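Visitor: Return atomic coordinates for the entry below.
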Amino acid sequence: MKNSYFVDSMRAQEKWRVEDCINLLPSENATSPQVRALLSSDFVNRYTLPIDATYAGEYIENGYRGSRITTEVERKAEEAAREVFKARYACVQPLSGHIAAMIAIASCTKRGDKLMAIPPEHGGYDGYAQSYIPDLLGLRASTLPYDEDLGNIDTDGTVRRIRKEKPALVILGASYLLFPYDMGPVVDACKSVGAKLAYDGSHVLGLIAGGEFQKPLKEGADVLYGSTHKSFFGPQGGLVVTDSKDMDAGIRRNLTWRLVDNVHWNRVASLGHALLEMRKFGPQYARQVIKNSQRLGKELAGRGFPLRFENLGFSQSHQLLIDTNRLKGRYGLSVNDFSVRLEKSNIITDSVGRLGTAEITRMGFKERHLGSLADIFMAAAEGEDVRRDVRALRDRFDLEYRFR
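Guide: As a prediction, this is how the structure comes out:
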């Protein structure tokens with residue numbers, strides 16, 4: 001068959017986003033050539049039940065023949081996940097971070113229970129609001145108190161609310177996640193009312209894997225889950241890890257024919273290789289991501305760009321947050337319109353006011369490069385066409401990515 005629109009669009013996408021753009025989205029990252037190759041391998045053609053399933057009341061190791069290698073791939077990927085996250089149990093079956101969240105939540109609650117999480121208006125994940133996952137699982141949603149000045153939960157208020165409302169599950173983690181949580185008091189409060197504590201590491205999973213930001217399981221979380229394509233440099237997907245045998249058993253009960261069926265073996269193989277890369281390069285990568293966030297924040301703020309939490313060092317993660325009110329005052333643009341302006345110069349950001357440093361770190365950016373990036377960013381912010389400057393800066397780095 002001759003090339004189609006889709007083949008042509010693939011080439012156009014790779015030319016634009018891989019060669020011409022600098023990506024500052026906190027929700028994306030760059031995978032290595034090996035990880036991408038596994039996504040397009042024969043694994044993409046294969047379909048089977050997850051391992052250790054029960055069919056018509058009878059235990060079967062696999063639902064289809066010809067799956068001995070995919071079975072071993074899943075086991076090896078889980079082994080790598082346990083090692084990287086220093087966890088006793090791991091599950092790599094979730095097709096996304098959202099599905100990982102549903103599996104974890106379903107394993108910690110029953111219908112009618114209460115779930116508590118950071119509200120969306122303070123950067124929490126919208127999926128935990130009443131009309132989304134709680135509604136699907138028959139749960140009641142409540143919120144955790146938040147301190148806007150600290151960009152974090154109000155720890156004392158959170159402890160009081162947990163003890164008052166006695167939820168079945170508390171979730172720490174958010175779409176806006178710049179600083180670690182003070183987990184000790186929250187863990188104690190959860191234990192006092194018999195609540196489980198989950199940590200949604202979707203955004204900071206790569207930092208956690210690299211030993212930075214936070215150690216949720218060691219600090220007392222019952223379960224850690226998240227997306228594998230944000231600060232973690234894997235394929236799009238999810239995973240769940242825990243130290244609890246009972247929690248792992250609950251997770252397994254909620255997999256086959258409940259929240260997953262086929263698990264996309266190309267993704268599992270790809271994730272397994274990314275986990276091995278994380279085992280080798282994770283600490284170096286995670287440290288550099290945080291250094292780059294703090295330095296980029298300093299460089300942009302020093303040029304007058306409005307960022308939040310300068311008094312706190314801007315960030316301890318892969319994210320920076322734009323002060324949207326000051327942005328509008330300076331440029332006369334909403335954050336959405338501002339992101340459109342930057343995209344015209346091939347600088348990619350999101351429409352809610354976040355900047356991310358994970359992908360530029362994968363490219364090889366260090367602190368010494370971020371002054372040049374800040375200069376180009378500020379020119380684009382003023383409406384200048386700096387596409388040539390973006391491409392020239394991009395060309396200085398390895399298109400096949402570092403830390404692999």
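Visitor: average pLDDT across stretch 267-276?
Guide: Throughout stretch 267-276, pLDDT has a mean value of 98.
Visitor: chain center to it: distance?
Guide: Distance of stretch 267-276 from the chain centroid (Cα atoms, centre = their mean, to the nearest Å) equals 15 Å.
Visitor: residues in contact with it?
Guide: Contacts with stretch 267-276, where a contact means Cβ atoms under 8 Å, 6 or more residues apart in numbering, come from 31-32, 34-36, 38-39, 41, 43, 70, 73-74, 76-77, 80-81, 83-84, 92-93, 95, 209, 228, 232-237, 239. The C-beta positions use only the backbone N, C-alpha and C, and glycine is treated the same way.
Visitor: swap the cut-off to 6 Å and go again
Guide: For stretch 267-276, the external contacting residues (Cβ atoms under 6 Å, 6 or more residues apart in numbering) are 34-35, 38-39, 43, 73-74, 76-77, 80-81, 84, 92, 228, 234-235, 237.
Visitor: Is residue 207 in contact with residue 214, as I believe?
Guide: No: counting by Cβ atoms under 6 Å, no contact exists between residue 207 and residue 214, whose distance comes to 7.9 Å.
Visitor: Let me know how buried the closest residue to residue 146 other than its chain neighbours is, in neighbour terms.
Guide: In space, and not counting its chain neighbours, residue 146 is closest to residue 122: 4.0 Å by Cβ to Cβ, 6 or more residues apart in numbering. Residues contacting residue 122 under the criterion other Cβ atoms under 10 Å number 18.
Visitor: And residue 1, by the same measure?
Guide: Neighbour count for residue 1, taken as other Cβ under 10 Å: 4.
Visitor: Let me see the contact set for it.
Guide: Shown in contact with residue 1 (Cβ under 6 Å, 6+ apart): no residues.
Visitor: Look up how far residue 330 lies from it.
Guide: Separation of residue 1 from residue 330 (Cβ to Cβ, to the nearest Å): 51 Å.
Visitor: now residue 394
Guide: Using Cβ to Cβ, one gets 26 Å for the distance from residue 394 to residue 330.
Visitor: same check, this time on residue 205
Guide: Residue 205 is 34 Å from residue 330, by Cβ to Cβ.
Visitor: before we move on, what about residue 20?
Guide: 27 Å.
Visitor: between residue 207 and residue 214, which one's more packed in?
Guide: More crowded of residue 207 and residue 214, by other Cβ under 10 Å: residue 207, with 27 against 23.
Visitor: Let's verify that one: helix, strand, or coil?
Guide: helix (DSSP: H, G, I helix; E, B strand; the rest coil).
Visitor: Tell me which stretches of the stretch 51-200 of the chain form strands.
Guide: Using DSSP state E, counting those that start in this stretch, the strands assigned to the stretch 51-200 of the chain run over residues 53-55, 58-60, 89-91, 114-117, 140-143, 146-147, 152-153, 169-172, 196-200.
Visitor: ok, residue 205 and residue 330, which is more surrounded?
Guide: More crowded of residue 205 and residue 330, by other Cβ under 10 Å: residue 205, with 31 against 15.
Visitor: show me the contacts for that one.
Guide: Counting by Cβ under 6 Å, 6+ apart, residue 205 touches 226, 232.
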